[in-house]
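*Asks:* need a 3D model of the following:
(chains A and B)
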Number of protein chains: 2
Amino acid sequence: MAPPPALSFAISARSATTGARVGRVTTLHGSFDTPAFMPVGTRGSVKGILPHLVAETGAQILLNNTYHLLLRPGPDLIAEMGGVHRFMSWNGPILTDSGGYQAYSMADTNSVDDDGVTFKSIIDGKMIRMTPEESIRVQNLLGPDIMMAFDDCPPSNPASAPEPGHSDTPSDAPADPRLARVLRRDHKYDHAQRVAIANERTVRWLERCKQAHTRPSEQSLFGIIQGGTDMAARSWCVERICNIDLPGYAIGGVAVGEGPEQIASVVRHTAPLMPEMKPRYLMGVGYERDLLAAVRAGVDMFDCVLPTRNGRNANAFTPTGQIRLRNAKFAKEQAPIDATCDCPACTPSRYAMKGPAGEDLPFFSRGYIRHLFMAEEMLGPILVTLHNLRHFQRFMADLRATIPTDDWAGFLHRWPVAAPGLG
Amino acid sequence: MAPPPALSFAISARSATTGARVGRVTTLHGSFDTPAFMPVGTRGSVKGILPHLVAETGAQILLNNTYHLLLRPGPDLIAEMGGVHRFMSWNGPILTDSGGYQAYSMADTNSVDDDGVTFKSIIDGKMIRMTPEESIRVQNLLGPDIMMAFDDCPPSNPASAPEPGHSDTPSDAPADPRLARVLRRDHKYDHAQRVAIANERTVRWLERCKQAHTRPSEQSLFGIIQGGTDMAARSWCVERICNIDLPGYAIGGVAVGEGPEQIASVVRHTAPLMPEMKPRYLMGVGYERDLLAAVRAGVDMFDCVLPTRNGRNANAFTPTGQIRLRNAKFAKEQAPIDATCDCPACTPSRYAMKGPAGEDLPFFSRGYIRHLFMAEEMLGPILVTLHNLRHFQRFMADLRATIPTDDWAGFLHRWPVAAPGLG
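*Replies:* Below you'll find the model as predicted:
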């Protein structure tokens, strides 16, 4: 009998009025339902959350950052420890990015050329050379189920407004520090030219990534479509990228500084041009409105640091928008974060969360959670991260339930925060 | 039918060769088995650990610090939120200390007189006056099952060697900063005189605490025996304190700077002088050797920050001693922290810890935990804290099992680290 393919994708239902579809991706480490939201486990850990609690939020696949794991503890160590699944005790599907985005955006010193990127390690200052071949070598050692191609992601259009960024780091730096650097370096910066160069590089580098990939029967390489907010550039890129036969494709280079309408425009233009029967992944997105717009355009997979990063900052997502739990008005609030939520903070009794005498635990009040943040207790970030992760998983589950019915009015009744995504 | 008493204590087994006994304390919020170890939840949270995970380690009662909760969020807010049990979502027994120890040891500015202590808040610099009446008023508002008397705990003998301290704070200050302050202030410091004054105050203040206590049918006040390392002073104090009729008594003023032999001497002298049929609590202790020595002397209750504080610093307890998980030699170690341990880090499959496909999770390797600490990931402190809490609960459970059999050789075979406590 032939071994199972490294990845298969089955579409089980479609929206009659939009491009949205419900499906399931199966990897050698199990399956995940689509549209899927992947929590970010930057350094091999979803910050502060035990893996079984991540699973209890409904997450079926995680994203790890190759850049961070490359710098520490290094891919050879992780390979020696049995690969990233065993290393972090998550036996379900894992996706890694290529490391390129962080190499451009996080390193103090970097230079991009036609062959790759050279950057300075933020850990020990060592100069590191990243090429398509090196990114794939590292991802082959890490061992995720889905690996992303090493691409050249240009900065967003200087005219765009900043939006929360892509990578799960403690920094509060502006969304796209590359832009400031580029503008500082080069007074004659020509955005259209930079996008064109990035597009060509991205296609050439994808061919090199595919060539370098040594474990295609275990790990699936996804190509990435660049092109910024220029629809002609996107069209050019999607055709060339999708001509290279791969198990899945991603839209990259969004949510790097442009506004929600621009994100939606790019996705509505690009997604329908991507292969119908392969998973479509929108990288680094986003808010509920962005997810709704992209799902309706036919996107299947998402990742974003919003639930985890905002959770650590006491910002809790609710169906009507975020609340800032440090606000003094919550000090004596007995209510849970969100009375409609079934997360371990809002409804612990739904989970195997028992008190010392085996009794169900009551919910954690907004007042208590505010106290935890004011006292700088770790349990505050933990509870709000758990809530936010569950919020996004409930949102995705409701999208999957809504797609076959096309009851988008009912959906927005439950998730008014997503209304701008109806488009 | 009469309401149940706020506290009852039943001894179910005794050691034939030592003073040790097995029992059970019952409060209005449930029971705990003795000898018992109480994890410390300083600010209304066992740092980084969800309450149901604290319960899963086997902890049946927690300690909260009145000093910290008085400063933030304040006892009125906690009372309005339904008391400390509801506030922190722990429905089992809770004990609070009096706030006195931290008022002496943590505030930059303080002065002790015959009526109480005045100290400066570390939160907002406000001057706070703490008296026996005020401590009891605050503890009546917080609502724990067991409240501790407000006592005068003198610094340890200047000749003593420093030992890890009592309070669960991030500071790495020496064990007893009061001593340095006292010595700085008063060149004619007379330790014996200071102990005598503290003893007399402690007795007078206990009478005032009992008088001020407004909820004796719900909360049990324990008296505290002081006396430093002077056995005559301990004898004087134990007689006077235990003449005041209360549901339980504690040995205070140990583990504030003296060595393990001195701790054991004080406990061996004092515990047998305490009422036989009431719980005996040794405050702020300690290492496994200290617990073993005190249990054999007839002590029933303990609290200490060692498992939580050391866990946050990557120091893991094992039956043969602590290991420092930041050490480079652990980088590639596949083994769990302790192969004999059944904690959620060493044996997650024993708990309701399932992966994304519902599968049992494997243990977390020493190599992975080291990586988490090197990368400053919160999950490192969480995993080692969980392990350490379980280590101490397993140690106590084994003590309870050993007491009726008197197989102390067998016990030390399983816990060689405790050997110096055999005495």
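
*Asks:* what number of residues lie near A:Ser156?
*Replies:* 26 (other C-beta atoms under 10 Å in any protein chain shown). Quick note: C-beta positions are derived from backbone N, CA and C, even for glycine.

*Asks:* that one contacts A:Gly252, doesn't it?
*Replies:* No - assessed by C-beta atoms under 8 Å, A:Ser156 is found out of contact with A:Gly252, at 11.8 Å.

*Asks:* leaving out sequence neighbours, find the closest residue to A:Gly58.
*Replies:* A:Gln393 (3.4 Å; C-beta to C-beta, 6 or more residues apart in numbering or on different chains).

*Asks:* touching, that neighbour and A:Phe37? I think so.
*Replies:* Yes - contact criterion C-beta under 8 Å: A:Gln393 and A:Phe37 qualify, at 6.4 Å.

*Asks:* with just CA atoms, put the helix or strand harbouring the residue nearest to A:Gly58 into PDB.
*Replies:* If you go by DSSP states H and E, A:Gln393 is part of helix A:379-402. C-alpha atoms of helix A:379-402 as PDB (Å, rounded to 0.1, in the frame of the first residue of the first chain):
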ATOM      1  CA  LEU A 379      -2.400  34.400  35.500                       C
ATOM      2  CA  GLY A 380      -3.900  37.600  33.900                       C
ATOM      3  CA  PRO A 381      -2.100  37.100  30.500                       C
ATOM      4  CA  ILE A 382      -2.900  33.400  30.700                       C
ATOM      5  CA  LEU A 383      -6.600  33.800  31.300                       C
ATOM      6  CA  VAL A 384      -7.100  36.500  28.600                       C
ATOM      7  CA  THR A 385      -4.900  34.600  26.100                       C
ATOM      8  CA  LEU A 386      -7.100  31.500  26.700                       C
ATOM      9  CA  HIS A 387     -10.200  33.600  26.200                       C
ATOM     10  CA  ASN A 388      -9.000  35.200  23.000                       C
ATOM     11  CA  LEU A 389      -7.800  32.000  21.500                       C
ATOM     12  CA  ARG A 390     -11.200  30.500  22.200                       C
ATOM     13  CA  HIS A 391     -12.900  33.600  20.800                       C
ATOM     14  CA  PHE A 392     -11.100  33.200  17.500                       C
ATOM     15  CA  GLN A 393     -11.800  29.400  17.400                       C
ATOM     16  CA  ARG A 394     -15.500  30.000  18.100                       C
ATOM     17  CA  PHE A 395     -15.600  32.700  15.400                       C
ATOM     18  CA  MET A 396     -14.000  30.200  12.900                       C
ATOM     19  CA  ALA A 397     -16.400  27.400  13.900                       C
ATOM     20  CA  ASP A 398     -19.400  29.700  13.400                       C
ATOM     21  CA  LEU A 399     -18.000  30.700   9.900                       C
ATOM     22  CA  ARG A 400     -17.700  26.900   9.100                       C
ATOM     23  CA  ALA A 401     -21.300  26.500  10.200                       C
ATOM     24  CA  THR A 402     -22.600  29.500   8.300                       C
END
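
*Asks:* what is it packed up against?
*Replies:* Applying 3 or more C-beta pairs under 8 Å, 6 or more residues apart in numbering or on different chains; DSSP states H and E, one finds that helix A:379-402 makes contact with strand A:36-38, helix A:288-296, helix A:306-312, strand A:315-316, helix A:366-374, helix A:408-414.

*Asks:* run the last query once more with 6 Å
*Replies:* helix A:306-312, helix A:366-374 (3 or more C-beta pairs under 6 Å, 6 or more residues apart in numbering or on different chains; DSSP states H and E).

*Asks:* where does chain A dip in pLDDT?
*Replies:* Counting by pLDDT under 70, the ranges of chain A that qualify are A:107-109, A:158-188.

*Asks:* ok, A:Gln393 and A:Phe37, which is more surrounded?
*Replies:* Higher neighbour count among A:Gln393 and A:Phe37: A:Phe37, with 27 against 21, using other C-beta under 10 Å.

*Asks:* I figured the more buried one hits A:Arg394, correct?
*Replies:* No - applying C-beta atoms under 6 Å, one finds A:Phe37 not in contact with A:Arg394, separated by 10.1 Å.

*Asks:* so how far is A:Thr347 from A:Asn91?
*Replies:* From A:Asn91 across to A:Thr347, the span is 26 Å (C-beta to C-beta, to the nearest Å).

*Asks:* and A:Val46, what helix or strand is that in?
*Replies:* Residue-wise, A:Val46 maps onto no helix or strand under DSSP H and E.

*Asks:* mind checking the SS state of A:Gly249?
*Replies:* I think there's a mix-up here, since residue A:249 is Tyr and not Gly. The local conformation at A:Tyr249, judged by DSSP: H, G, I helix; E, B strand; the rest coil, is strand.

*Asks:* so who does it touch?
*Replies:* Counting by C-beta atoms under 6 Å, 6 or more residues apart in numbering or on different chains, A:Tyr249 makes contact with A:Gly223, A:Cys242, A:Met274.

*Asks:* for the second one, grab phi and psi.
*Replies:* Read it as A:Cys242. phi -80, psi -10 (degrees, to the nearest 10).

*Asks:* what's the neighbour count on it?
*Replies:* Here the number of neighbours of A:Cys242 (other C-beta under 10 Å) works out to 16.

*Asks:* over to the last one?
*Replies:* Look at A:Met274: counted by other C-beta under 10 Å, it has 22 neighbours.

*Asks:* okay but it is in contact with A:Val267, surely?
*Replies:* No - A:Met274 is not in contact with A:Val267 according to C-beta under 6 Å; the separation is 10.3 Å.

*Asks:* show me which residues of chain A sit near chain B.
*Replies:* With C-beta under 6 Å from any C-beta of the partner chain as the criterion, chain A comes near chain B at residues A:30, A:43, A:45, A:47-48, A:52, A:55, A:60, A:72-73, A:80-81, A:87, A:89, A:91-92, A:332, A:352-357, A:359, A:361-362, A:364, A:367-368, A:371, A:375, A:377-379.

*Asks:* tell me which of those residues fall in strands.
*Replies:* Applying DSSP state E to the residues of chain A next to chain B, the entries found in strands are A:Gly30.

*Asks:* of the residues of chain A next to chain B, which count as buried by neighbour count?
*Replies:* Listed as buried from the residues of chain A next to chain B are A:30, A:43, A:45, A:47-48, A:52, A:55, A:60, A:72-73, A:80-81, A:87, A:89, A:91-92, A:353-356, A:361-362, A:364, A:367-368, A:371, A:375, A:377-379; burial here means 16 or more other C-beta atoms under 10 Å in any protein chain shown.

*Asks:* name the residue closest to the centre of chain A, please.
*Replies:* A:Asp303 (1.7 Å; C-alpha atoms, centre = their mean).

*Asks:* and that residue, how far is that from A:Met147?
*Replies:* Distance from A:Asp303 to A:Met147, by C-beta to C-beta: 14 Å.

*Asks:* excluding chain neighbours, what is closest to the residue in the stretch 301-423 of chain A positioned nearest to chain B?
*Replies:* Closest approach of the stretch 301-423 of chain A to chain B (C-beta to the nearest C-beta) occurs at A:Pro356, with a separation of 3.3 Å. Closest residue in space to A:Pro356, ignoring its immediate chain neighbours: B:Gly92 at 3.3 Å, by C-beta to C-beta, 6+ apart.

*Asks:* so who does the one you found touch?
*Replies:* So B:Gly92 contacts A:Gly355, A:Pro356, A:Ala357, B:His29, B:Gly30, B:Gln60 (C-beta under 6 Å, 6+ apart).

*Asks:* apply 10 Å and report the result again.
*Replies:* A:355-357, A:359, B:27, B:29-32, B:51, B:54-55, B:59-62, B:85, B:145 (C-beta atoms under 10 Å, 6 or more residues apart in numbering or on different chains).
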